[in-house]
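**Student:** Structure, please.
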Amino acid sequence: MFFNSLQFVFLFVPATLAGYFWLGKIGRQLAAFWLAAASLVFYASWNPEYIPLLLASVAFNYLIGLLILHSAARPRRRNWLLALGVAVDLLVLAYYKYLHWFSSIAHSLGLAETDFGAGIALPLGISFFTFTQIGYLVECRQGLAEDPRWVNYLVFVTNFPHLIAGPIIRSSEVMPQLIKRSTFRFNPGNLAVGLSIFVMGLAKKILIADNLAPFVDAGFREPQGLLLFSAWGAALAYALQLYFDFSGYSDMAIGLARLFNLRFPLNFYSPYKATCIIDFWQRWHMTLSRFLRDYLYIPLGGNRKGRTRRYVNLMATMLLGGLWHGANWTFLIWGGLHGLFLMINHLWRALRPARAAPPAAFAAAVFSAFQVLLTFLAVVVAFVFFRAPSLAAALHVLAGMAGLHGAEAALVLPASLAALLRAFGRPLAESGLVAFGNGAPLYEAGLIAASIAIVWFAPNVHQIMGRYSPALTKIEPTPATWLRWRPNLGWALAAAVVAAAAIFGVSEHVVFLYAYF
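**Tutor:** As a prediction, this is how the structure comes out:
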């Protein structure tokens with residue numbers, strides 16, 4: 001059961017909301033326990049065998065957090081407790097996520113007789129609930145977390161809107177909300193806002209991302225024969241599929257949280273409009289970026305120990321960020337590429353001459369568009385490694401994108417157009433520039449073009465919501481006033497139409513791409 005399943009939309013969410021607000025009238029702790037129990041049911045719908053692992057992780061980190069909080073007068077003990085908690089969390093994560101990869105490497109090098117990590121299944125969302133709890137322990141050590149009730153901590157970690165694929169929340173952001181009486185009281189305004197954002201996220205996933213998926217799968221399944229335009233089509237389709245899939249999930253998570261009167265941090269803010277890679281990582285998976293910055297890059301020294309050390313820290317952070325997404329050489333290379341991009345970006349900023357005067361408006365707009373295009377292309381190329389099943393497959397796709405496999409000889413149009421064109425159909429076919437077939441390439445190109453237009457020229461969901469956006473970050477509304485959401489009948493009808501279109505396209509088997517990272 002995922003956010004894009006009929007059981008979730010029509011059974012799980014209404015039942016959870018009804019119980020939450022009914023119990024909220026009796027007592028906040030009862031309502032919190034109900035939400036935690038519902039979240040565990042949600043998680044168990046994937047695989048109930050991993051419920052003990054999740055609960056054990058929650059219990060362990062809650063205990064370590066309490067010990068840290070109660071050792072305020074003993075800093076050295078707090079440091080040892082933090083180190084113990086983080087070490088255990090990372091060891092558990094490494095066992096489930098990386099043991100198979102490491103053991104397969106050892107086996108291939110002759111260092112191990114068998115692949116002793118084979119057969120270990122990756123628990124859903126383990127990267128997210130592990131990082132969430134590591135962040136909690138760090139905040140306990142920093143004095144930013146308070147002594148929570150156990151049920152509030154259970155809700156904080158297992159809350160189903162963020163449990164599977166984020167955002168990676170912090171206790172200082174969410175825990176104070178769980179002690180407010182208003183959090184457990186029904187709010188029709190929050191219901192309208194939450195449902196609207198959920199519907200827009202669902203539409204991104206079902207109407208756009210899932211329709212791009214077949215072209216991505218076909219391209220990366222047999223990359224050896226990809227010609228120029230087919231290779232670019234597969235790469236662009238994947239970059240856009242991942243964009244709408246992950247941004248859709250992030251919007252749905254924030255919308256679902258708002259149904260329960262909770263606010264989550266912003267996790268996705270038009271990253272393909274970024275003018276450089278630094279800007280990209282301030283917009284893409286924002287809660288992971290800040291986690292890596294605050295708990296890895298800065299502790300390594302950040303930019304405080306000279307330019308060379310800064311670049312080393314950037315590369316180390318991005319390599320580990322790549323491995324966080326999965327145990328595979330392709331993810332490591334993807335992280336390394338982004339580390340290289342960030343190094344080049346920072347070097348360019350350091351070496352470029354200061355402008356004597358600001359450029360003219362037209363020149364500035366052209367240069368900004370060039371920056372966006374260059375950043376987007378760099379991201380698309382790197383995402384080839386992110387998606388490819390192997391390093392060899394990624395290199396085949398890149399070779400096709402470079403034209404090394406050749407280019408298509410003709411534009412393929414739908415066969416139905418041959419009859420419509422009549423007198424022109426045969427000459428076009430004989431020219432060799434046009435062929436008539438199933439027209440799939442033309443449909444793919446149109447879908448990619450429409451998706452890029454939405455990405456670059458349309459406001460994002462939170463700009464549309466404007467001051468109603470439930471994200472913790474303040475969002476400036478879109479300048480187009482007619483696109484600003486309002487709690488009125490017109491927007492309710494629009495949401496109903498979009499929801500109906502999305503519901504008809506629901507597939508129980510199309511999971512979110514980030515669910516298994």
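**Student:** and N159, how many residues sit next to it?
**Tutor:** Applying other Cβ atoms under 10 Å, we find 25 residues neighbouring N159. For every residue, glycine as well, the C-beta is placed using N, CA and C.
**Student:** R486 too?
**Tutor:** R486: 13 surrounding residues under other Cβ under 10 Å.
**Student:** Repeat that for F457.
**Tutor:** Neighbour number of F457 under other Cβ under 10 Å is 8.
**Student:** what's the answer for R283, then?
**Tutor:** 18.
**Student:** Whichever strand or helix holds D210: which residues count as buried?
**Tutor:** If you go by DSSP states H and E, D210 is part of helix 210-221. Residues of helix 210-221 classed as buried by neighbour count (16 or more other Cβ atoms under 10 Å): D210, N211, L212, A213, F215, V216, A218, G219, F220.
**Student:** Spatially nearest residue to G201, not counting backbone neighbours?
**Tutor:** Leaving aside its chain neighbours, G201 sits nearest to D251 (3.2 Å; criterion: Cβ to Cβ, 6 or more residues apart in numbering).
**Student:** Please name the residues that touch the one you found.
**Tutor:** I197, F198, M200, G201, K204, F268, V461, H462 (Cβ atoms under 8 Å, 6 or more residues apart in numbering).
**Student:** Of these, which is the nearest to L91?
**Tutor:** L91 has its nearest neighbour among the contacts of D251 in F268, at 30.3 Å by Cβ to Cβ.
**Student:** Now that closest one. Its backbone dihedrals?
**Tutor:** phi -160, psi 120 (degrees, to the nearest 10).
**Student:** picking that back up, point me to the helix or strand that includes the residue nearest to G201.
**Tutor:** helix 228-259.
**Student:** Show me which residues of the helix or strand hosting G321 are buried.
**Tutor:** For G321, the host element (DSSP H and E) is helix 307-325. Under the neighbour-count criterion of 16+ other Cβ under 10 Å, helix 307-325 has 310-315, 317-319, 321-325 buried.
**Student:** what packs against it?
**Tutor:** Packing partners of helix 307-325 (3 or more Cβ pairs under 8 Å, 6 or more residues apart in numbering; DSSP states H and E): helix 286-292, helix 329-351.
**Student:** out of these, which comes closest to Q241?
**Tutor:** helix 329-351 (15.8 Å).
**Student:** how big is the angle separating the helix or strand just after the closest one from helix 307-325?
**Tutor:** Along the chain past helix 329-351, the next helix or strand (assigned with DSSP H and E) turns out to be helix 361-387. Helix 361-387 and helix 307-325 are oriented at 50 degrees to each other (axes from the mean of the first three to the mean of the last three Cα atoms, to 10 degrees).
**Student:** Centre of the chain to helix 361-387, how far?
**Tutor:** Relative to the centre of its chain, helix 361-387 is centred 20 Å away, using Cα atoms, centre = their mean, to the nearest Å.
**Student:** Packing partners of that helix?
**Tutor:** helix 228-259, helix 277-280, helix 329-351, helix 391-401.
**Student:** Touching the third one from outside, list them.
**Tutor:** This points to helix 329-351. 276-278, 281, 307, 310-311, 314-323, 325, 378, 381-383, 385-386, 388-391, 394.
**Student:** before we move on, what about the second one?
**Tutor:** Residues lying outside helix 277-280 but in contact with it, judged by Cβ under 8 Å, 6+ apart, are P271, A274, H338, F341, L342, I344, N345, H346, T375, A378, V379.
**Student:** quick check: mean pLDDT across the helix holding D251?
**Tutor:** Across helix 228-259, the average pLDDT comes to 94.
**Student:** ok, now stretch 305-318?
**Tutor:** Computed over stretch 305-318, the average pLDDT equals 92.
**Student:** you'd agree A121 is in a helix?
**Tutor:** No - read with DSSP: H, G, I helix; E, B strand; the rest coil, A121 is coil and lies in no helix.
**Student:** list the contacts for it?
**Tutor:** N47, Y96.
**Student:** try it again with 10 Å
**Tutor:** Counting by Cβ atoms under 10 Å, 6 or more residues apart in numbering, A121 touches N47, E49, Y50, Y96, H100.
**Student:** Over to N328?
**Tutor:** By Cβ under 10 Å, 6+ apart, the contact list for N328 reads W101, G322, W334, F385, F386, A388, P389, S390, L391.
**Student:** Including pLDDT and distance to I454, could those residues go into CSV?
**Tutor:** Formatted as CSV, the contacts of N328 follow (pLDDT from 0 to 100; distance: Cβ to Cβ, whole Å):
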residue, pLDDT, distance to I454
W101, 85, 36
G322, 95, 28
W334, 97, 24
F385, 97, 25
F386, 95, 21
A388, 95, 25
P389, 92, 28
S390, 93, 31
L391, 94, 32
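**Student:** From these, pick the one nearest L489.
**Tutor:** Nearest to L489 among the contacts of N328, with distances taken as Cβ to Cβ, is F386, at 42.7 Å.
**Student:** what's the closest one in contact with, if anything?
**Tutor:** 238-239, 242, 322, 325-326, 328, 330-331, 333-335, 337-338, 379, 394, 513.
**Student:** would you say P299 is within a helix?
**Tutor:** No - P299 is assigned coil when assessed by three-state DSSP, not a helix.
**Student:** if we can go back for a sec, I'd like to check the angle between the helix holding D251 and helix 361-387, please.
**Tutor:** Interaxial angle of helix 228-259 relative to helix 361-387 (the same axes, to 10 degrees): 90 degrees.
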